[in-house]
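> Dropping the sequence and predicted coords here.
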Amino acid sequence: MKLITLQIHSNGSHGLGCEPLKFSDHITHIYGPNGCGKTPIIKSIAFCLGFPAVFRNDIYDRCKMASLEVEINQKIFKIVRQISRDVDIEVIEHNGIRQRFFSEAEFSEFLFQQLELGYPNLVSNRNTVIKPYTSTLLPLLFTDQDNGYSDVYSAPDNFIKDQFQEMIRLLFGLSPKNFFDSRKEKIDSKKQLEYLDHEVKRREEALKAAQHVTETLGRSSEEITEEINSLESELEAVTAKNSTKADSIRAFDNIISQLLNQIRTLETTLSEIRKRRKSITIMIEEINSETNTLSLNESSRQIFLSFEEVCSNLNCGLFSSSSNSYAKNLLYLKDQIKDLARNDAAYLREEDRIETQIQSHAESVQKLLVERNSQDHSSETAALISTVSNLKDRIFQLQMQLFEHNKLSEIEKEYVRFLNKRNAALEKYESFQAIRSDSSEIVRIRADLRRSLIVWLDRLHTPNNVSRDITFRHDFEPIMGNERISQLSGSTKVRTVLAFHAALVEILVEAKSPIKILVLDTPKQHEINNDDLDRYFKALKIVCEKGGVQVVFSTTEYKYSGDQFDTTWEPRYEGDEQKMFLASPTLIGL
């Protein structure tokens, strides 16, 4: 998902709004003094994505709606949410299709499907079925100034069992920790896998059939297209006003020449195939000779063993290594013969196909020669009609051949699409067999998160009394030595929370997550100095460059200096005491 624009719309002529604000590819910095309207701007991002953000009364009274334009899987969506305490969201797709949602659950399902995230049946704290919501997922990627820095995960409500762990799993595409009805989902998953297995097999057969057809043609789509263009030029010349019988004869000669060139190319290929088959025959004879030699050696060994004076013990191991070597060599040589025989059979099929093509082209040449020679005894008109007819027939034949190539291309795409779906279904089905609590993927994510978190703690000059001996509670909750992050306070907690979110988004890039966004309503700046913030955001800039991450943050004192892929939003409209982000439609000019 990529953020494109954000706009607040005024509630009437005396309301408050702003012009569309464009997000940058990397870092978007919302900068301005206290009271200039940064908070409603940054909250509106999460609000449009379904988060139950709470505004002050003047925003509810004077702002009508917020609209957020996003790109998801190369499709543009405009999400328009009424600024009220109820859910009223309209989604306008790039093709004009509109959908309206009046509950967070419905909108969450829509958004999760567009992002191709899982949407599983989870277990609520009351042991009932519950689905994930945007309000349960976004706190991993969005922090507000009031509650976002109280812990690494601060959701407006915790109603899902193991909610923090479940949302982390969702972001990384892992199986849920608690399925409400894992048995049913497993059965459904198996049915889906069986259906896709059948579809893949059906499309594989169609693909083989289409490949056989194009192989029979013996020419690439580029070669066919080139000949069609040449013949169409001939047809245009022949049907010109001043064309003569000589033009008609020349057209015949060109068609015959092209067919003869194709015959020569096919004969060269046929000659190469026959040489290869002859080489295979020689190799098979040589291997058979080696096999016979090995058999004679083994017979000799048996004869020696029959003499008591050579080996009187029944368990004599005098020739055991020789016997073992014989068995291995014989098996190897037989495998070689099988491989060569398979290759020879494939070459034989190709030889038959090319011979058929040569014969077909030769018959076409003979037919065209007869018609070409008859041109000498035909009238100008009859010669022209005959030539045009033959040119059109040939063009039609070639267009049908080109159609087969295009058909093969479409079948290949469809086969790959279903194969990918089948592989995804297989992974999902196999996930039911895995032991989720200690899966290798979770171990890897925790290791990456630990490593990255330590780096970000150091970048923010987090005090050393915060232990770097990091373990995890409930899969993903970091424990700093023997302390939970919620036990920390002041700037130490703020730095730790910032470090965790940066580490999380960094490993989301490595995991190819569909959501690579970090929105930070930066904490009160007396809790963290400008130098530490500058080092933090410059390091995030590198993550943006490497992984296509978008970072949006707001500050009062610290001002970020970026490049052409970054932008700074500052208040533009004159207010009573200072410039503001929001103003009346008159001041905005709307």
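Done, it's in.
> what's the neighbour count on Thr586?
10 (other CB atoms under 10 Å). For the C-beta atoms, the positions are set from N, CA and C on the backbone; glycine is no exception.
> now the helices for the stretch 101-250 of the chain?
Taking DSSP state H, counting those that start in this stretch, the helices of the stretch 101-250 of the chain run over residues 104-114, 134-137, 163-171, 182-217, 221-238, 245-305.
> and Val509, which of these is closest to it?
helix 163-171 (11.7 Å; CB to CB).
> List the neighbours of that closest one that are in contact with it.
Helix 163-171 has contacts (CB atoms under 8 Å, 6 or more residues apart in numbering) with 117-118, 122, 132, 136-137, 139-140, 153, 155, 160, 174-178, 445, 474-477, 508, 513, 515.
> pLDDT score assigned to Asp458?
With respect to pLDDT, Asp458 scores 94.
> Need the three-state assignment for it.
The local conformation at Asp458, judged by DSSP: H, G, I helix; E, B strand; the rest coil, is helix.
> Let the chain start at 50 from now.
Got it, first residue is 50 now, which makes that one Asp507.
> For the host helix or strand of Thr541, C-alpha coordinates in CSV please.
Secondary structure assignment for Thr541, by DSSP states H and E: helix 539-559. What follows is helix 539-559, C-alpha atoms only, in CSV (Å, rounded to 0.1, in the frame of the first residue of the first chain):
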residue,chain,number,x,y,z
GLY,A,539,9.9,9.1,30.4
SER,A,540,12.3,9.5,27.5
THR,A,541,13.7,6.0,28.0
LYS,A,542,10.3,4.4,27.2
VAL,A,543,9.7,6.8,24.3
ARG,A,544,13.1,5.9,22.7
THR,A,545,12.4,2.2,23.2
VAL,A,546,9.0,2.4,21.6
LEU,A,547,10.4,4.3,18.6
ALA,A,548,13.2,1.8,18.3
PHE,A,549,10.7,-1.1,18.3
HIS,A,550,8.5,0.4,15.5
ALA,A,551,11.6,1.1,13.3
ALA,A,552,12.9,-2.4,13.9
LEU,A,553,9.5,-3.9,13.0
VAL,A,554,9.1,-1.9,9.8
GLU,A,555,12.7,-2.8,8.8
ILE,A,556,12.0,-6.6,9.0
LEU,A,557,8.6,-6.1,7.3
VAL,A,558,10.6,-5.0,4.3
GLU,A,559,12.6,-8.2,4.4
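> and it, which residues are buried?
Neighbour counts using 16 or more other CB atoms under 10 Å place 540-557 of helix 539-559 among the buried residues.
> how much does it deviate in direction from helix 212-220?
30 degrees (axes from the mean of the first three to the mean of the last three CA atoms, to 10 degrees).
> Would you mind listing the buried residues in the helix or strand that helix 539-559 is followed by?
Remark: after helix 539-559, the chain's next helix or strand is strand 566-570, criterion DSSP H and E. By neighbour count on 16+ other CB under 10 Å, the buried set for strand 566-570 is 566-570.
> Then stretch 100-108?
By neighbour count with 16+ other CB under 10 Å, stretch 100-108 contains the buried residues 100-102, 104, 108.
> How far does it stretch from one end to the other?
16 Å (CA to CA, to the nearest Å).
> neighbouring contacts of it?
Residues contacting stretch 100-108 (CB under 8 Å, 6+ apart): 65, 89, 92-93, 95-96, 112, 132, 153, 183-184, 187, 191, 193, 205.
> Looking at these, which has the smallest pLDDT value?
On pLDDT alone, Asp193 ranks lowest of the contacts of stretch 100-108, at 85.
> now it: how far from Val129?
22 Å (CB to CB, to the nearest Å).
> same check, this time on Lys377
74 Å.
> Pick out whichever of those two has more residues nearby.
More crowded of Lys377 and Val129, by other CB under 10 Å: Val129, with 20 against 10.
> Now do the contacts for that one.
Taking CB under 8 Å, 6+ apart as the test, what Val129 contacts is 97, 114-116, 138-141.
> which among the residues you listed gets closest to Val600?
For the contacts of Val129, the nearest to Val600 is Cys97 (17.6 Å; CB to CB).
> Can you add distance to Leu55 and mean neighbour count and give the helices of the stretch 150-299 of the chain back as TSV?
Listed next are the helices of the stretch 150-299 of the chain as TSV, based on distance: least, CB to CB, whole Å; neighbours: other CB atoms under 10 Å:
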stretch	distance to Leu55	mean neighbour count
helix 153-163	17	18
helix 183-186	17	22
helix 212-220	23	23
helix 231-266	37	14
helix 270-287	47	16
helix 294-354	61	14
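> got TSV for the ones you listed, with distance to Asn83 too?
Listed next are the helices of the stretch 150-299 of the chain as TSV, based on distance: least, CB to CB, whole Å:
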stretch	distance to Asn83
helix 153-163	31
helix 183-186	27
helix 212-220	32
helix 231-266	50
helix 270-287	66
helix 294-354	79
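> returning to that earlier point: ranking the contacts of Val129 by neighbours, who comes first?
Ala115 leads these on contacts (other CB under 10 Å) with 26 neighbours.
> give me every residue that touches the residue nearest to it when sequence neighbours are not counted.
Excluding the flanking residues, the one nearest Ala115 by CB to CB, 6 or more residues apart in numbering is Ser93, at 4.1 Å. Residues in contact with Ser93, defined by CB under 8 Å, 6+ apart, are 55, 57, 102, 115, 117.
> Helix, strand, or coil at Ser93?
Classified using three-state DSSP, Ser93 is helix.
> can you tell me how far it sits from Leu567?
According to CB to CB, Ser93 and Leu567 sit 16 Å apart.
> Could you list the low-confidence segments of the stretch 250-399 of the chain?
For the stretch 250-399 of the chain, the stretches flagged by pLDDT under 70 are 265, 287-297, 300, 343, 346-376, 379.
> middle-most residue in the chain, spatially?
Geometric centre of the chain, nearest residue: Lys561, 8.7 Å, by CA atoms, centre = their mean.
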